[in-house]
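Trainee: sequence unavailable; structure follows:
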């Protein structure tokens, strides 16, 4: 394992690693002990009690953060005609169909969210090898295959983020910047936790959320109490 920086080690030394923190307490600790000299992103990570190999135990969805993410979100929309025009008017960085598909096929992925209309998906599916591995393929489950492109663009620009479990049973979601007020970060993170709870597959058995950890970009993780989720 790579050696951690001095600032990380200093913050880690102040933690009680055997303790499970309350959410507000953990976030206050992160704000009081910066691990970098820039405005770090805060993330919440989950170790799920699901089997990633079972198709009926997948975990994927979206959540709207009440106080946004604190970062500029780059949104593109695969659509044509009025749907593309509406997306551009709502603030999409790019909107189009054939031209945009060709641009992405050539390797362009300088965006955070890709939205598509149902009609456009026939062409967008050709981009599976480019968008799939990056988690950017439009999907109805994440609210990125829609008829109302303008509404979807506005939601993602305002702070709608996606969550998904990876092949190892973990999910990680950004929920704000260290410069946010503690209460705003608590409410954002709680919104993510609530969304994860609500997305519990019907086939899930036993402990659903095995572990929940919050951290900053460069800082160590603090275990958070989510017992109420069981």
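Mentor: Noted; the coordinates are in hand. Owing to the predicted nature of the structure, the values given are computational and were not obtained by experimental measurement.
Trainee: can we go C-alpha only for contacts and neighbour counts from here?
Mentor: Will do.
Trainee: so what's residue 147 up against?
Mentor: Counting by Cα atoms under 8 Å, 6 or more residues apart in numbering, residue 147 touches 83, 117-118.
Trainee: just confirm residue 185 contacts residue 174, I think it does.
Mentor: No. If you go by Cα atoms under 8 Å, residue 185 and residue 174 don't touch, sitting 10.4 Å apart.
Trainee: between those two, which is the more surrounded one?
Mentor: residue 185 (26 against 23; other Cα atoms under 10 Å).
Trainee: surely that one is in a helix?
Mentor: Yes. Residue 185: assigned to a helix according to DSSP: H, G, I helix; E, B strand; the rest coil.
Trainee: adjust the sequence numbering to begin at 45 for everything that follows.
Mentor: All set: I'll call the first residue 45, so the last point we hit is now residue 229.
Trainee: quick check: bridge partners of the nearest residue to it once chain neighbours are set aside?
Mentor: In space, residue 229 comes closest to residue 220 once its chain neighbours are excluded; the distance is 6.3 Å by Cα to Cα, 6 or more residues apart in numbering. Taking DSSP bridges, one obtains residue 86 as the residues bridged to residue 220.
Trainee: and the pLDDT for residue 220?
Mentor: In this model, residue 220 is scored at 95, pLDDT.
Trainee: can you get me a residue count around it?
Mentor: Applying other Cα under 10 Å, I find that residue 220 has 26 neighbouring residues.
Trainee: contacts only, for it.
Mentor: 85-87, 111-114, 229, 232.
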